[in-house]
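Engineer: Predicted structure and sequence below. I'll ask about it afterward.
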Amino acid sequence: MSKNKISSSSAPNVSGGGTLFRTKAGVIAATLGSAVGLGSIWRFPAEAQANGGGAFLLLYMACVLVLGIPVMLAETSLGRGGRADAVGSYMKLAPGHHWWIAGALGVLASYLIISFYMVVAGWTLQYLWDSITGALYAGADGTPVLALESTFHHRMEQYIGSDIAPLISTFIMIALNMGVLMMGVQKGIERASNIMMPLLFVLLLLFSIYALTLPGAAEGLEFFFRPDFSKITWSVAANALGQTFFSLSLGIGILITYASYYPSSTNLVSTSATVSALTTFVAVMMGVIIFPTVFSFNLDLSQLRGTTLVFVTLPEVFSQMPGGRWWSILFFVLLLVAALTSTISLSEVSILFVQKRFHKSRVVSTLIMMCPLFVFSALCSLSFGSLSDLKLFGLTIFNFLDTFTTNWLLPICALVMVIFTGWFAPRGTFRSQLTNGGTIAVRLYPVVSFIVRWVAPLLILVILATSI
Ligand code: TRP
């Protein structure tokens, strides 16, 4: 085995001299901000609903613990060990080898993901605006309850199927990202996360308290917390694994990028454990919010699927709640905050890549990478409107990018990443990063290392096999 190790002169703790996150809280807020996004707020409740409620929750928690945390440790150790962008970190740790291609695929994957993610983030911006002006509920007053669903459905289809309005909100979203990203790592990313993440938790708390006091909350909680193990199948397990990667921002270089900003004193183990625990907590809170609400308003559970939950079902609920418009505003702020901190991290992967590989300033790198997004995201946005007939492998541009990145690129990048960390990175990189050069005891190191070498590659292969 040791023959396979790349003998490299680069010590595991290459010092970068670049910008680092300023505080421990900043490290957690930024990393958590990346993790908590549409994945936990929107995708999780839908996955839980379709896959047996509590059974899915348990399976997801098991995946986070057994696979999520070790993979997060592998990825952050590459980032802080290499102290560079996703491509550069591989190059530093394995000079003269071709492992950097995995980093390049990560840059590609994150870029393709932001192209379509910006579109959905843009929709939330429009729905926030329409909640503030009241336009979202203008037609709903006096509409009989039974007709509400079709009213909001029609509204959503009209909106996302039109060309101009969603384009404008997508562009505003890209511009907001550029604004934060140009301000840099400490003044932009870290400061924005430090403000937005506490806000997100306050909002989640408000919503959970409200949901728990609804009549009929118990029924919803029972659905969410009582596991129906008969629902667990191989494909449900693969979904839980996929949700773990998606929700923890694993596998596509985001964590390599962010960890390159972690100070050398950052404890990777406690950081990864905290971020994973809080992300899971957000998912649980979303279940606690969504299921009691859906049950107490007698809505159809199958409505949680896809775009319907956020853009149809919840507006339907808000239109019937006392003070619903205020709740609606708060909800879309919550979603926007979650989406914004995630798009920032997705964008940062390619920005640091340009900054380091092509030696450009931060502002120029931001412009180089973000300006083409106006075109790519526009194509994704228009694929619900004028370009809906344009198909790639039978899918619209938006759906193609979503499927291709999540089902293919992400598992491939993640697979190479764990194999590299487990088997080929310079001797001792992983252990030295986890223990901060031997100064902290990591009792579970043998377990984590075993998972990264054997279990993680096998499980990622399972995800890939299920996609095929
Ligand atoms: N983790 C974020 C979220 O849940 C961002 C994200 C979405 C993401 N898709 C991803 C990160 C795929 C990594 C891989 O919204």
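Structural biologist: Received the coordinates, thanks. Numbering: from 1, shown residues only.

Engineer: C-alpha only now, for contacts and for neighbours.
Structural biologist: Fine.

Engineer: which phi and psi does the residue lying farthest from the centre of the chain have?
Structural biologist: Centroid-distance maximum for the chain: G142 at 38.3 Å, with CA atoms, centre = their mean. Backbone torsions for G142, taken as degrees, to the nearest 10, come to phi 80, psi -10.

Engineer: how close does whichever residue of the stretch 301-450 of the chain sits closest to the ligand sit to Q158?
Structural biologist: Nearest residue of the stretch 301-450 of the chain to the ligand (CA to the nearest ligand atom) works out as S342 at 4.9 Å. Relative to Q158, S342 is positioned 27 Å away (CA to CA, to the nearest Å).

Engineer: Looking at those two now, which is surrounded by more residues?
Structural biologist: Neighbours around S342 and Q158, counted as other CA atoms under 10 Å, are more numerous at S342. The numbers are 29 against 12.

Engineer: Name the helix or strand for that one, please.
Structural biologist: helix 324-357 (DSSP states H and E).

Engineer: Go through that helix and flag the buried ones.
Structural biologist: Buried residues in helix 324-357, counting neighbours by 16 or more other CA atoms under 10 Å, are found at 324-325, 327-356.

Engineer: What is the distance between it and the centre of its chain?
Structural biologist: The chain centroid and the centroid of helix 324-357 are separated by 9 Å under CA atoms, centre = their mean, to the nearest Å.

Engineer: Repeat that for stretch 153-164.
Structural biologist: The answer for stretch 153-164 is 25 Å, by CA atoms, centre = their mean.

Engineer: Contacts for it next, please.
Structural biologist: W123, A165, P166, T308, F311, V312, S381, L382, F384, G385, S386 (CA atoms under 8 Å, 6 or more residues apart in numbering).

Engineer: Is it correct that the third one falls within a helix?
Structural biologist: Yes - secondary structure assignment (DSSP: H, G, I helix; E, B strand; the rest coil) places P166 inside a helix.

Engineer: which SS class is the residue in the stretch 101-250 of the chain that the ligand sits nearest to?
Structural biologist: As assessed by CA to the nearest ligand atom, the ligand sits closest to S249 within the stretch 101-250 of the chain, at 3.4 Å. Three-state call for S249 (three-state DSSP): coil.

Engineer: From what I see, it and L255 are in contact.
Structural biologist: Yes - applying CA atoms under 8 Å, one finds S249 in contact with L255, separated by 7.2 Å.

Engineer: Compare neighbour counts for those two and give me the winner.
Structural biologist: L255 (30 against 26).

Engineer: what's the helix or strand for that one?
Structural biologist: helix 254-259.

Engineer: go on, T151?
Structural biologist: helix 145-161.

Engineer: Now do the helix or strand bottoming out on mean pLDDT in the chain: which elements does it pack against?
Structural biologist: Across the helices and strands of the chain, mean confidence by mean pLDDT, DSSP states H and E is lowest for helix 306-308: a mean of 82. Contacts defined by 3 or more CA pairs under 8 Å, 6 or more residues apart in numbering; DSSP states H and E place helix 306-308 against no helix or strand at all.

Engineer: what about the helix holding L255, near the ligand?
Structural biologist: No - Helix 254-259 stays clear of the ligand (CA under 6 Å from any ligand atom), getting no nearer than 7.1 Å.

Engineer: hmm, back to that, ok, for the residue of the stretch 301-450 of the chain closest to the ligand, nearest residue in space, not its chain neighbours?
Structural biologist: Take S342 and drop its neighbours on the chain: the residue closest to it by CA to CA, 6 or more residues apart in numbering is S34, 4.1 Å away.
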